[in-house]
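**Student:** Next input, structure requested:
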Amino acid sequence: MKKITRIVCLVLCLVMLLPAAVACSQKDGTYGAQINMYLADEIHNLDPAYAHLDSGAAKLIGLLFEGLMVIDEDGDLEKGLLKKYQYTVDDMLTPNDKSDDTYTMVIDIGESSWSDGIKVSADDFVYAWKRVLDPSFDGEAASLLYDIKGAVEHKTQMASKDDIGLSADDDRITITFKHNIDPEEFLRKTASPALVPLRSSVVSRYYNWSSSGATMVCNGPFFVRSYSPGNSMQLARNAYYHRLPDDDIRPTKFVKPYLINIDFKLNSEDMMKAFEDGELFYISELPCDKKTREEYEDRVKLTDTLSTHTYFFNLNKEPFNNKTVRQVLSKVIDREALVSEVVYAYASTGFVPKGLSDLTKKDDFAENNTAKIPGNAQMSVSEAKAALSAAGINPNGFGELTITVKVDAVSDLVDEDYVVSQNEFDEDTVDYVVAKMVAEIWNELGFNFKVVPVNAIQYKESTSAMSQYRDELTESLYGIYDDIKVYISDDEHTTVTKERATFDVVALDYSLLCDDEFNALAVFAESFSGSVTDGPFNEEVPLGHITGFKNAAYNTLIQEAYDARVAGNNALASEKLHAAEQLLLDEMPVVPLFVYKEAVLVSDDLSNIEWTYFGAPVLNDAKLKNWKDYIEKVDDEDEDEDED
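**Tutor:** The predicted structure is shown next:
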């Protein structure tokens, strides 16, 4: 009896202490505003190295990861995790001979932790950077680091990983460069979403680390708390952002919101109704219909972006291996007509969007381009047919050709096993609307183009998480290679078994890796492409751009631009880059259609939101009016459901 009494007393004590515990938890910042937002289309691969292939992914990466630097909406460089740095140039034995000088940058990072409480270290940066420089890693971010000693040599299998001038010691990164650099210019590159830190123990251990909330750790202000494919994603405050677990600092000092709720089930009509009903507080992209966009025109916040809606041709396939075909397919497109459908965009005039200063520091690089793509169609259908006929091209002879586009699923298309149908989707998706228009004009030439809508991932097995997935667009681009041996040293190699490039044409919202025209154009050059290399150690054999584009003259122009920039001759570098862009416009391996303007709709109840130069929202200080009332409303609804 006494034992039972003690238990009852203990329970009563715990019950009495519960409100105090909750209050303490609130005081410590465990809870806060829960904000319902439509941040982006459904995202399934959150690997920062591939975020530039999808503008939606780029928006989320900025919330989940933080690099050394950040570029704000106005283009100003701000500190992320960088605490301080020092750049030194040491003259060696011969003052007039710069070849033996050493160029070193020492970077100290500030205190911060991953979402699981483990401290962010300099090793995490070094690992992430060496990862994109690995010869077996297929991605375009490598060229951002090519100023580092041994970087390009390792990427092209001319040197080992140990020869890269990168080392880490606790909170300090030491970088050795192969030539003199502009420190601020290099630090701007580190603001790229592709160069955020990664934990080797996670990335190397879990194959699906970038698509599973269960395995992903984040060092940004938020982390993926839960994900239900085709339904919702929930981001939670990273309680260890800019602090260590044992710090006596409230998490709310650095991140105000507690949860960000993203509902993928909403179709266009439901989304706008939820916004008007005060149930949705932020929409990152208005539905693609003129009526809605005209209705909210005065309430939308418009910002320029570095994201271009681009069609990538597969030059390893017919008919896209023919330059005349590529030129004709580009010239018959009326870009202004596409923009009139998208509304918040401007027609592309070249491969480099507006907003990047020319290396001469005079005007805008895109504005200085002498050869620009006209907004209206350059060829009529009859003229295009004549051009194809003169080149001996029969459009009917290539069978069915596909334009692969990413689309959004809608709520009733997801079954109990989370298998999303490819045949039903939200037809207001911008990519799909544009693709239908482009396919229609291309088919008037006699081709047989079919638009293939793909939900960004297709599930092969029953699952309620992101453990079994396939990123269709990334896979079709980078492909799967066929027994390529990637050499790490003379006698050590890894084998990547895949078949390259499965697409015909793929539509991407392609974001620049950094705010620099050199890197925007350099990825089309073989040595700067970042693609997997195929050949024995100490024999440079790059595979070139992911489209299959290879051009010796273009390679030379990019290398000359790089060399001129290193020598400090920005005028010559600018001249070479403009010449390179003109050559691309002639070869047309990809077709830039239009550059997005970020069209954001924000509720009057939501404030203190900023944006980065890449168009990603900064929600650290976001405030939702009367958020406690909203939490109570949610709790009441949950209780009603329980009673039912």
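
**Student:** could you list every residue that touches the residue positioned nearest the centre of the chain?
**Tutor:** Nearest to the geometric centre of the chain sits A51, at 1.9 Å (Cα atoms, centre = their mean). Contacts for A51 (Cβ atoms under 8 Å, 6 or more residues apart in numbering) come out as 57-58, 61, 193-194, 511. The way it works is simple: take the backbone N, C-alpha and C, and place the C-beta from them, glycine included.

**Student:** JSON lines for those, including pLDDT?
**Tutor:** JSON lines is the format used below for the contacts of A51 (pLDDT from 0 to 100):
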{"residue": "A57", "pLDDT": "81"}
{"residue": "A58", "pLDDT": "82"}
{"residue": "I61", "pLDDT": "90"}
{"residue": "P193", "pLDDT": "91"}
{"residue": "A194", "pLDDT": "93"}
{"residue": "S511", "pLDDT": "87"}
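
**Student:** Could you verify that the residue nearest to the centre of the chain is part of a strand?
**Tutor:** No: counting by DSSP: H, G, I helix; E, B strand; the rest coil, A51 is not part of a strand but helix.

**Student:** how far away is it from L388?
**Tutor:** According to Cβ to Cβ, to the nearest Å, A51 stands 37 Å off from L388.

**Student:** Repeat that for P193.
**Tutor:** For P193 relative to L388 (Cβ to Cβ), the value is 40 Å.

**Student:** Those two: who's more crowded?
**Tutor:** P193 (27 against 21; other Cβ atoms under 10 Å).

**Student:** residues contacting the more buried one?
**Tutor:** Here P193 is in contact with 48, 51-52, 58, 61-62, 65, 67, 513, 614, 616 (Cβ under 8 Å, 6+ apart).

**Student:** how many neighbours does E400 have?
**Tutor:** 10.

**Student:** So it versus W209, what's the distance?
**Tutor:** 36 Å.

**Student:** Equivalent analysis for L356, please.
**Tutor:** From L356 to W209 the distance is 33 Å (Cβ to Cβ).

**Student:** got the CA positions of stretch 572-580 in CSV?
**Tutor:** Provided in CSV are the C-alpha atoms of stretch 572-580 (Å, rounded to 0.1, in the frame of the first residue of the first chain):
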residue,chain,number,x,y,z
LEU,A,572,41.5,41.0,-71.9
ALA,A,573,39.7,38.5,-69.8
SER,A,574,36.4,40.3,-70.5
GLU,A,575,37.1,40.3,-74.2
LYS,A,576,37.8,36.5,-74.2
LEU,A,577,34.6,35.8,-72.2
HIS,A,578,32.4,37.9,-74.6
ALA,A,579,34.0,36.0,-77.5
ALA,A,580,33.3,32.7,-75.7
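
**Student:** Give me the buried positions along it.
**Tutor:** 572-580 (16 or more other Cβ atoms under 10 Å).

**Student:** any idea which of the residues you listed is closest to P395?
**Tutor:** Taking Cβ to Cβ as the measure, A580 is the one of the buried residues of stretch 572-580 closest to P395, at 30.2 Å.

**Student:** thinking the closest one is in contact with A561, fair?
**Tutor:** Yes: between A580 and A561 there is a contact at 6.7 Å, judged by Cβ atoms under 8 Å.
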